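Visitor: compute the structure for the input listed below.
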Amino acid sequence: MDIVSEVLSRMLKHKLSPKNCSTFVASIVGLLLVLLPLASCGATAPLQFTTINLGLPPQALNAPVVGPLSDDTGLHVRVTFKISQSVLSHLSSQKIRPGQKSHLEDIANQLGIDDTTYQKIKDFFNLGGIALKLSKLRTNLSIDAKAKTFAKLLQTKFVIHKLNGRTFYAPDAAHPPKLPKFLVDSIDAITGLDNYSFKPQHFSTFSFQNPKAKTQPGQDCSPQSDTLLPKEVAHAYGFDSLWNHGWHGENMTVNLVEIDGFYHNDIQNFLGCLSDYHGHVSTSNVDGAPSDALGETTLDIQMIAGLARSANIMVYQTDGNSNGDIWSQVNDELQQILNDNTGNANAGSVVSISLGAAEDQISSSDVTAIDQSLQLLTQAEHMRIFVASGDCGAFTSRVYNQLSVSF
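Guide: Numbering: from 1, shown residues only. Alright, predicted model coming up:
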């Protein structure tokens, strides 16, 4: 607009004739028509919002509402971004080079979201009380805030439903959550806005004697009757043939995904009785420490230590008694494994998951999010994954004549 001022100033200074003045006025009008769009080009265009699909089945969306969710409820929302399949295919084709750094973070903005998109996401979530954390591979974003904050941002409200004797929270079906279109176009799944999915099942049933003991009075290496010793388990599964070749899990790490703690005294006693276990056991608390030990994690550690006596064991554990989406927490554990091995993707390690649930009892968003984590673990970080299949075959839901395998 400084140009227009200059033109007017010169017009007045030189006392133009009416004819020339009208010519100048016409010129100025034309100039304004050119400059006004340029003056407004810096304005931010309004965001276009679109509804997001949380992958809940119709029976969940239509379940009776029994009340509102407290505004102060903490929600642990996780966004799974679309990934570049061409970049992932390239990573998958690379050979494993044990001991060498993989430098996956150098191409993370090509695999997941780029800097420009992430900045727009941060601008949108720029409210007090929101904590954002982007994974090292830039494929997963954690967003922690109160329910009232998410309700405001997503233009929705959270309610509690009751279905088949159980309650769960979710956004009100009459006010489905919305996000900016640019963000929705980048998303594969969003979890944590509901806790519909059933809690994972432990595929073992057993008990330990005095598991709450705080002290170990003395090492006891006398097994109870009907107990299988590690060498007997190894023979049943053919592990002893590997032992005969001198293979005991050297230079390997087994990463356990758990939703309960373990009995430290029992583990110490077991490892002491093995005497020749040469690895080490480490733990990582994800989304907080577990509040209880149910035996599953203890059994997993002992089985691995007894069969692969040179392997390191990394226990990723979370609190399976939380009121949120526990499968989202399981995926957080997988994401933590991905983060911890981003620079060491050539280790060729193993991930073991002895959890499961009937496929019709878990939201499709939880399934999609976990599937992508497993894909990244196998193809980008070259790990091998073992998952429990359950004991009920095609009837994991344990409902007569209802087909459902374990996810």
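
Visitor: dihedrals phi and psi, residue 276?
Guide: With angles defined as degrees, to the nearest 10, residue 276 sits at phi -110, psi 20.

Visitor: quick one, what contacts it?
Guide: Contacts for residue 276 (C-beta atoms under 8 Å, 6 or more residues apart in numbering) come out as residue 309. Any C-beta I mention is one placed from the backbone N, CA and C, and that applies to glycine too.

Visitor: ok, now with 10 Å
Guide: 248, 309-310 (C-beta atoms under 10 Å, 6 or more residues apart in numbering).

Visitor: what does residue 79 give?
Guide: Contacts of residue 79 (C-beta under 10 Å, 6+ apart): 52, 113, 121, 132, 134, 139-143, 179, 183, 186-192, 369.

Visitor: what do you get if the cut-off is 8 Å, keeping everything else the same?
Guide: Counting by C-beta under 8 Å, 6+ apart, residue 79 makes contact with 140-143, 187, 189-190.

Visitor: of these, closest to residue 77?
Guide: residue 143 (4.4 Å; C-beta to C-beta).

Visitor: what about residue 110, how many neighbours?
Guide: Neighbour count for residue 110, taken as other C-beta atoms under 10 Å: 13.

Visitor: for the nearest residue to it once chain neighbours are set aside, give me the pLDDT.
Guide: Of all residues beyond its chain neighbours, the one nearest residue 110 is residue 87 (5.2 Å), with distances taken as C-beta to C-beta, 6 or more residues apart in numbering. Per-residue pLDDT puts residue 87 at 96.

Visitor: could you do residue 21 as well?
Guide: pLDDT at residue 21 comes out at 52.

Visitor: for the contacts of residue 79, give me CSV that also has pLDDT, neighbour count and distance to residue 386.
Guide: Output for those, formatted as CSV (pLDDT from 0 to 100; neighbours: other C-beta atoms under 10 Å; distance: C-beta to C-beta, whole Å):
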residue, pLDDT, neighbour count, distance to residue 386
140, 98, 28, 22
141, 97, 24, 28
142, 95, 18, 26
143, 95, 21, 31
187, 96, 18, 29
189, 96, 26, 23
190, 96, 26, 28
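
Visitor: surely residue 136 is in a strand?
Guide: No. According to DSSP: H, G, I helix; E, B strand; the rest coil, residue 136 belongs to no strand; its state is coil.

Visitor: for it, which non-adjacent residue is closest in space?
Guide: residue 342 (4.4 Å).

Visitor: residue boundaries of the helices in the stretch 251-400 of the chain?
Guide: Assigned by DSSP state H, counting those that start in this stretch, the helices in the stretch 251-400 of the chain fall at 264-274, 296-307, 326-340, 364-375.

Visitor: so of the contacts of residue 276, which ones are in strands?
Guide: Applying DSSP state E to those, no entry is found in strands.

Visitor: out of those, who's nearest residue 198?
Guide: Nearest to residue 198 among those, with distances taken as C-beta to C-beta, is residue 309, at 36.3 Å.

Visitor: isn't that closest one up against residue 277?
Guide: Yes. Assessed by C-beta atoms under 8 Å, residue 309 is found in contact with residue 277 at 4.8 Å.

Visitor: just checking, residue 404 touches residue 360?
Guide: Yes. Using C-beta under 8 Å, residue 404 is in contact with residue 360, at 4.9 Å.

Visitor: need the overlap of contacts for the two.
Guide: The contact sets of residue 404 and residue 360 overlap at residue 397 (C-beta under 8 Å, 6+ apart).

Visitor: sorry, back to before: so of the contacts of residue 79, which ones are in strands?
Guide: Residues of the contacts of residue 79 located in strands (DSSP E): 140-143, 187, 189-190.

Visitor: looking at those, spot the one nearest residue 47.
Guide: Taking C-beta to C-beta as the measure, residue 47 lies nearest residue 187 of the ones in strands among the contacts of residue 79, at 15.0 Å.

Visitor: mind listing what the closest one touches?
Guide: Residue 187 makes contact with 52, 79-82, 179 under the criterion C-beta under 8 Å, 6+ apart.

Visitor: now do 6 Å
Guide: Contacts for residue 187 (C-beta atoms under 6 Å, 6 or more residues apart in numbering) come out as residue 79.

Visitor: list the beta-bridge partners for it.
Guide: Beta-bridge pairing of residue 187 under DSSP bridges involves residue 81.

Visitor: show me where this protein dips below the pLDDT cut-off.
Guide: Scanning the chain for pLDDT under 70 picks out 1-44, 201-218.

Visitor: could you list the buried residues of stretch 177-196?
Guide: For stretch 177-196, burial by neighbour count (16 or more other C-beta atoms under 10 Å) applies to 177-180, 183-184, 186-196.

Visitor: if we can go back for a sec, ok, the residue nearest to residue 136 to residue 188 distance?
Guide: Per C-beta to C-beta, to the nearest Å, residue 342 is found 20 Å from residue 188.

Visitor: hang on, the earlier thing: would you agree the residue nearest to residue 110 falls within a helix?
Guide: Yes. According to three-state DSSP, the state of residue 87 is that of a helix.

Visitor: I'd say it and residue 111 touch.
Guide: Yes. Between residue 87 and residue 111 a contact is recorded at 4.7 Å, counting by C-beta atoms under 6 Å.
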